[in-house]
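Take this sequence and fold it.
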Amino acid sequence: MSKAESKRTNIWQGEKVRLRAVEPEDWESFHQWGLDTEAARYSYYIPLPRSAEGSKKWAAELATAEQKDDQFRFVIENLAGEMAGTINTFGCEPRTGTFGYGLAVKAEARRQGYASEAIRLVLRYYFSELRYQKVTVWVYEFNEPSLKLHERLGFKQEGRLRRMVYTGGRYYDVFIFGLTAEEFTELYG
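Numbers count the residues shown, from 1 in each chain. Next up is the predicted model:
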């Protein structure tokens, strides 16, 4: 554990980012972000357009929803309080101690270390506080930045599913990466 981490008083804040819950007023950022086709493609798929009222309702519902099964959507913001992205946990299985996450960072906030720090904050919490023992992520073949990010973070490639995503007129593979709690501790203390 680094000196900065040992002095940290807020488990949700690192040196570059802070993780927080979605607030109703985040609707406009999410709505504008939804207009970024490439970000949508990297995240999951390109959805049909959402109305401003639909975005308001979605953010309000998310902001007031009860936490369920350790699944949570965090807003990633820089230390100036500007929204940089989102990371959400899903597929949380306390019995087996496994979970996954999805991550998206706004175009103007990419390549600044926000994603890697947000991932480490979430993993530290899930491994050290909730007793999860392994995280698994799916990364699309065409998402080269995410492939490199997960390799840099120490994730191990565990598999490849062929032709699982269709976008831009063709099929792509999905790479499956995993990291155990022990591997995380060895890498990050």
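
Tell me how many other residues crowd Leu35.
10 (other CB atoms under 10 Å). All C-beta atoms are positioned from the backbone trio N, CA, C, and that covers glycine.

Kindly provide the distance from it to Ala52.
Distance, Leu35 to Ala52, by CB to CB, to the nearest Å: 11 Å.

And the strands in the protein?
Taking DSSP state E to define them, one finds strands in the chain at 17-21, 73-78, 83-93, 98-105, 134-140, 156-167, 170-180.

Any chance of a markdown table for the ones you listed, columns mean neighbour count?
Shown next, in a markdown table, are those (neighbours: other CB atoms under 10 Å):
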| stretch | mean neighbour count |
| --- | --- |
| strand 17-21 | 20 |
| strand 73-78 | 21 |
| strand 83-93 | 19 |
| strand 98-105 | 20 |
| strand 134-140 | 20 |
| strand 156-167 | 12 |
| strand 170-180 | 16 |
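
Now distance to Ala115 and mean pLDDT too, for those, in a markdown table please.
Shown next, in a markdown table, are the strands of the chain (distance: least, CB to CB, whole Å; pLDDT from 0 to 100):
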| stretch | distance to Ala115 | mean pLDDT |
| --- | --- | --- |
| strand 17-21 | 9 | 98 |
| strand 73-78 | 8 | 97 |
| strand 83-93 | 7 | 97 |
| strand 98-105 | 5 | 96 |
| strand 134-140 | 12 | 98 |
| strand 156-167 | 18 | 97 |
| strand 170-180 | 14 | 98 |
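
export those to CSV and tack on distance to Ser128?
CSV is the format used below for the strands of the chain (distance: least, CB to CB, whole Å):
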stretch, distance to Ser128
strand 17-21, 15
strand 73-78, 16
strand 83-93, 14
strand 98-105, 14
strand 134-140, 13
strand 156-167, 20
strand 170-180, 13
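
Can you say which of the ones you listed is nearest to Thr64?
strand 17-21 (9.9 Å; CB to CB).

Which strands or helices does the top helix by length along the chain pack on?
In the chain, with assignment by DSSP state H, the single longest helix is helix 114-128. Judged by 3 or more CB pairs under 8 Å, 6 or more residues apart in numbering; DSSP states H and E, the packing partners of helix 114-128 are strand 17-21, strand 73-78, strand 83-93, strand 98-105, helix 144-152, helix 181-188.

which residues are in contact with the shortest one?
Translated: strand 17-21. Applying CB atoms under 8 Å, 6 or more residues apart in numbering, the contact partners of strand 17-21 are 10, 12-13, 63, 72-79, 84, 87, 114, 117-118, 121-122.

still on that earlier bit, for the longest helix of the chain, output the C-alpha coordinates as PDB.
The C-alpha coordinates for helix 114-128 follow below in PDB (Å, rounded to 0.1, in the frame of the first residue of the first chain):
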ATOM      1  CA  TYR A 114      -9.000   7.800 -14.600                       C
ATOM      2  CA  ALA A 115     -10.100   4.300 -15.800                       C
ATOM      3  CA  SER A 116      -7.300   2.400 -14.200                       C
ATOM      4  CA  GLU A 117      -7.700   4.300 -10.900                       C
ATOM      5  CA  ALA A 118     -11.500   3.800 -10.900                       C
ATOM      6  CA  ILE A 119     -11.000   0.000 -11.500                       C
ATOM      7  CA  ARG A 120      -8.400  -0.300  -8.700                       C
ATOM      8  CA  LEU A 121     -10.800   1.600  -6.300                       C
ATOM      9  CA  VAL A 122     -13.700  -0.800  -7.100                       C
ATOM     10  CA  LEU A 123     -11.500  -3.900  -6.900                       C
ATOM     11  CA  ARG A 124     -10.000  -2.900  -3.600                       C
ATOM     12  CA  TYR A 125     -13.500  -2.500  -2.100                       C
ATOM     13  CA  TYR A 126     -14.900  -5.700  -3.600                       C
ATOM     14  CA  PHE A 127     -11.900  -7.800  -2.600                       C
ATOM     15  CA  SER A 128     -11.100  -6.200   0.800                       C
END
